[in-house]
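Undergrad: Sequence plus predicted model, see below.
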Amino acid sequence: MGSVVLSVDAELAWGFHDLTDPPGRRIRNARWGWHQLLDVLEDYDVPATWAVVGHLLLESCDGRHADHPAAADGWFERDPGGSLERDDRWYGLDLVAAVRNARMEHEIGCHSFSHVVFDPETDRDVVHAELERCVSIAERHDLSLESFVFPRNVVGHRDALAEYEFDCYRGVEPPRWYDDSRFRRLGKVASFVAGRTPPPLVVPEIDEYGLVNVPASLSLFSFEGAARSVVEPFAGDPVVRQAKLGIDAAASSDGICHFWLHPNDITSKRDVRRLRRIFAYIDARRRETELRVETMADVARRVSADEPTRPAEMADDETAAVHRSPSSPAGRH
């Protein structure tokens with residue numbers, strides 16, 4: 001029987017600090033969205049992997065991070081410094097504590113220290129600084145980081161993840177039939193509105209570095225804006241329809257339906273209603289079938305137990321094998 005996995009890109013303002021025009025509403029609502037998501041998961045007994053930006057675990061900082069190799073390029077120029085009490089968009093110890101104290105056994109994973117994009121242009125020193133800080137901060141808070149979610153879904157420097165003893169990462173979604181089409185936007189609308197093709201079920205695999213790749217299946221906020229407002233009143237929420245198809249497929253096969261989202265995606269009660277409908281359906285299908293609900297770490301442990309980890313075959317230039325999801329914007333670092 002298959003399973004459902006939910007991973008959460010938990011980043012607050014750090015997800016946007018390198019953008020020229022960051023979305024103010026999503027930043028302002030990020031904490032509210034975090035609590036709403038946690039409440040819904042509790043109501044429907046759904047565990048999740050919360051991939052947290054490491055800076056959120058700091059109690060305070062000077063805003064400069066002069067010892068970080070990316071600081072010289074101005075990467076931290078928007079970091080206001082201070083503490084949670086001064087600016088809660090950049091700190092989240094209280095939010096992480098809420099996840100850890102929840103009734104559900106959620107996983108705390110890693111989303112880099114400051115949302116650096118792990119692409120080939122990123123210096124190795126920057127990647128190592130990001131991972132070193134995350135692991136060190138996590139140890140201070142008695143956390144063991146097993147799962148990694150790449151900022152902006154740019155998969156690279158996997159050998160560094162192995163060096164810092166991560167177990168798994170979220171890989172990119174398999175391509176849809178419309179992704180390479182010149183009519184991609186029209187094809188996506190047609191696919192979501194028709195609601196006949198489920199999101200891809202994925203099969204986790206152990207890569208050449210001994211890491212378990214747990215690819216994504218569907219972003220729960222992948223059909224938004226004007227298109228959603230036009231379609232939803234007469235056809236229902238197309239993401240809910242896609243999610244239900246994916247859940248049904250996982251309940252009747254051995255694959256994984258891997259959903260993902262950001263807390264800052266949740267900006268309205270309408271968004272919360274979407275999540276409630278999806279998680280209520282997961283709970284119902286779990287009761288009716290042998291469907292599992294797992295964290296990324298659960299999957300990694302299960303896969304590793306079934307197939308012993310192979311020795312890492314270090315590539316000459318691992319970063320050249322970077323993968324980028326179709327919806328991922330380019331990053332600065």
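TA: The structure has been received and is ready for your questions.
Undergrad: so when I look at Asp125, I'm seeing a strand, right?
TA: No: secondary structure of Asp125 (DSSP: H, G, I helix; E, B strand; the rest coil): helix, not part of a strand.
Undergrad: Tell me, how many residues neighbour the nearest residue to it once chain neighbours are set aside?
TA: Among residues not flanking Asp125 along the chain, Pro69 sits closest, at 4.4 Å (CB to CB, 6 or more residues apart in numbering). For the C-beta atoms, the positions are set from N, CA and C on the backbone; glycine is no exception. The burial count assigned to Pro69 is 17, neighbours taken as other CB atoms under 10 Å.
Undergrad: Confirm that Pro69 sits in a strand.
TA: No: the assignment for Pro69, made by three-state DSSP, is coil rather than a strand.
Undergrad: and it, what pLDDT?
TA: pLDDT for Pro69: 98.
Undergrad: what's the longest helix in this structure?
TA: helix 269-288 (DSSP state H).
Undergrad: Do you have the strands of the stretch 151-300 of the chain handy? List them.
TA: According to DSSP state E, counting those that start in this stretch, the stretch 151-300 of the chain carries its strands in the segments 154-155, 168-169, 205-206, 212-213, 218-219, 256-261, 292-294.
Undergrad: now those in JSON lines, with distance to Ser60, mean pLDDT and mean neighbour count?
TA: Formatted as JSON lines, the strands of the stretch 151-300 of the chain follow (distance: least, CB to CB, whole Å; pLDDT from 0 to 100; neighbours: other CB atoms under 10 Å):
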{"stretch": "strand 154-155", "distance to Ser60": "29", "mean pLDDT": "98", "mean neighbour count": "22"}
{"stretch": "strand 168-169", "distance to Ser60": "30", "mean pLDDT": "98", "mean neighbour count": "27"}
{"stretch": "strand 205-206", "distance to Ser60": "40", "mean pLDDT": "97", "mean neighbour count": "16"}
{"stretch": "strand 212-213", "distance to Ser60": "35", "mean pLDDT": "98", "mean neighbour count": "23"}
{"stretch": "strand 218-219", "distance to Ser60": "33", "mean pLDDT": "96", "mean neighbour count": "21"}
{"stretch": "strand 256-261", "distance to Ser60": "29", "mean pLDDT": "98", "mean neighbour count": "26"}
{"stretch": "strand 292-294", "distance to Ser60": "35", "mean pLDDT": "98", "mean neighbour count": "20"}
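Undergrad: Kindly reformat those as JSON lines containing distance to Ser112.
TA: Shown next, in JSON lines, are the strands of the stretch 151-300 of the chain (distance: least, CB to CB, whole Å):
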{"stretch": "strand 154-155", "distance to Ser112": "11"}
{"stretch": "strand 168-169", "distance to Ser112": "11"}
{"stretch": "strand 205-206", "distance to Ser112": "22"}
{"stretch": "strand 212-213", "distance to Ser112": "17"}
{"stretch": "strand 218-219", "distance to Ser112": "19"}
{"stretch": "strand 256-261", "distance to Ser112": "16"}
{"stretch": "strand 292-294", "distance to Ser112": "23"}
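Undergrad: Which of those strands sits closest to Arg124?
TA: Closest approach to Arg124 among the strands of the stretch 151-300 of the chain (CB to CB): strand 154-155, 15.3 Å.
Undergrad: Show me what the closest one is packed against.
TA: In terms of contacts (3 or more CB pairs under 8 Å, 6 or more residues apart in numbering; DSSP states H and E), strand 154-155 is packed against strand 323-324.
Undergrad: just to revisit the earlier point, do you know which of the strands of the stretch 151-300 of the chain lies nearest Asp87?
TA: Of the strands of the stretch 151-300 of the chain, nearest to Asp87 by CB to CB is strand 256-261, at 24.1 Å.
Undergrad: Which neighbouring elements make contact with that closest one?
TA: strand 3-10, strand 218-219, helix 238-251.
Undergrad: rerun at 6 Å
TA: strand 3-10 (3 or more CB pairs under 6 Å, 6 or more residues apart in numbering; DSSP states H and E).
Undergrad: now the next helix or strand after the strand it packs on: how far from the chain's centre is it?
TA: Later in the chain than strand 3-10, the nearest helix or strand by DSSP states H and E is helix 24-28. The chain centroid and the centroid of helix 24-28 are separated by 18 Å under CA atoms, centre = their mean, to the nearest Å.
Undergrad: could you give the angle of whichever helix or strand comes after helix 24-28 to strand 3-10?
TA: On the C-terminal side of helix 24-28, the closest following helix or strand by DSSP H and E is helix 30-43. Here helix 30-43 runs at an angle of 160 degrees relative to strand 3-10 (axes from the mean of the first three to the mean of the last three CA atoms, to 10 degrees).
Undergrad: Thanks a lot, see you next time.
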